[in-house]
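1. fold the following, please.
(one chain, ligands or ions: 1)
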Amino acid sequence: MQSKINLLGLPLEQLKLKFLEIGLCALDAKRVFPWIHVKSARSFDVMSDLPQKIRKILGEKCSIDRPERVVLQKSLDGTQKALLKFEDCNHIETVLIPEENRNTICISSQIGCAIGCKFCYTGTQNFIRNLSSSEIMSQIFFWKDSLEGSITNIVFMGMGEPLLNYENLSNALELLLNNKAHNFSKNKITVSTSGIIGESFNDFAKFGVKLAISLHASSDEKRSLMMPINKKYDIETILKAAKKYLKNSNTDYITFEYLLLKNINDSSIDAQNLAKILHKIPCKVNLILFNKWPGSIFQESSMEKANKFSHILLSRGIRTIIRKSRGNDILAACGQLKSYA
Ligand code: SF4
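-> Prediction:
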């Protein structure tokens, strides 16, 4: 049996084309679109302004199904992590981080990851495939359906490298930013990259969303040890691309993620070097304390070291925060996601 077309990830123009392919018209697509994205309909039957005949065709050929929730874990700090299963039986993890005034969700873009950063649990899992735009969007619908409040912030920091799945990422961003769909403001969405600044990176600037770059070191020698991708896109190339992004996307600053690893990249000299290379770039540095996972070889830096590191950056005029780790007890924190043993 041929599987149904999942419509959750199709921007309006693509939805119209899909409708034409299955014998419906563009106007039908225009009517269905807000049902999916504004009213979060979970069945075509509730789309009361559509003739019964059209609802029947949609029910036969298309779906707006969410993925199956296999496990939902809750951390002591309120963070939730869900293991979701897609139609082909592949799994991913996605995370909700509730805070007093906001609900941030962390979205995965690939099943596994080919980048293989040494500090990341996902990096130990083989790359299987890209998520479709519907599978990316289905994570947003999943949390939307289960939350009492609303989603306020979205970070593409889950499993996988979003910029290596650019076409599907851009469909999702288009839907999230569209004021006739999810209507998120650009500065409520952050895309995190290990520094994939190939061809699609130039196009990506058009969305104007916040960009976070995983830097983690101030020299190529150290960065290459932690992130093999540095051999392809080294620090100088990344920083040049970051400046270009600021200009083309009209954003105010870039976030640089810096994971503090004990005795690897957490010395005062590392901090001074980092301040030197970021000196002329409008940016913010997020210092992250390492979150352990089964089999990890790194140790976390002490809070004392983190404070000292932060102080050096701040004293050189670089906005810096030490990011609070959330969901560590259920392996939901930064770098801890994995969907296969
Ligand atoms: S940090 Fe991101 S890019 Fe690196 S291995 Fe993990 S998921 Fe992939």
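
2. how many residues are close by Glu236?
-> The number of residues packed near Glu236 is 10, by other C-beta atoms under 10 Å. Heads up, the C-betas are built off the backbone N, CA and C, glycines and all.

3. that one looks like it's in a strand, true?
-> No - assignment of Glu236 by DSSP: H, G, I helix; E, B strand; the rest coil gives helix, placing it outside any strand.

4. which pLDDT value goes with it?
-> Per-residue confidence (pLDDT) for Glu236: 97.

5. how close does it sit to His182?
-> Look at Glu236 and His182: by C-beta to C-beta, to the nearest Å, they are 37 Å apart.

6. let me know the helix or strand that the closest residue to Asn328 other than its chain neighbours is in.
-> Nearest residue to Asn328 in three dimensions, chain neighbours excluded: Asn291, at 5.4 Å (C-beta to C-beta, 6 or more residues apart in numbering). Using DSSP states H and E, Asn291 maps to neither a helix nor a strand.

7. from what I can see Asn291 touches Ile330, true?
-> No - counting by C-beta atoms under 8 Å, Asn291 stays clear of Ile330, with 11.1 Å between them.

8. between those two, who's got more neighbours?
-> Asn291 (22 against 19).

9. in three-state terms, label Leu58 for me.
-> Of the three states, Leu58 takes helix under three-state DSSP.

10. and it, what is it in contact with?
-> Contact analysis of Leu58 by C-beta atoms under 8 Å, 6 or more residues apart in numbering lists Leu24, Val32, Phe44, Leu50.

11. the third one: how many residues sit nearby?
-> Okay, so that is Phe44. Around Phe44 there are 21 residues (other C-beta under 10 Å).

12. highest neighbour count among the contacts of Leu58?
-> When neighbours are counted by other C-beta under 10 Å, Val32 leads the contacts of Leu58 with 27 neighbours.

13. so how far is Ser268 from the nearest residue to His91 once chain neighbours are set aside?
-> Excluding the flanking residues, the one nearest His91 by C-beta to C-beta, 6+ apart is Ser339, at 4.1 Å. In this view, Ser339 and Ser268 are 38 Å apart by C-beta to C-beta.

14. so which of those two has more stuff around it?
-> Ranked by neighbour count (other C-beta under 10 Å), Ser339 and Ser268 place Ser339 first, with 20 against 12.

15. was I right about the more buried one contacting Ile92?
-> Yes - applying C-beta under 8 Å, one finds Ser339 in contact with Ile92, separated by 5.3 Å.

16. shared neighbours, these two?
-> Looking at what touches both Ser339 and Ile92 (by C-beta under 8 Å, 6+ apart), the common residues are Leu83, Ile111, Met159.

17. out of those residues, which are inside strands?
-> Among the shared contacts of Ser339 and Ile92, the members falling in strands (DSSP state E) are Leu83, Ile111.
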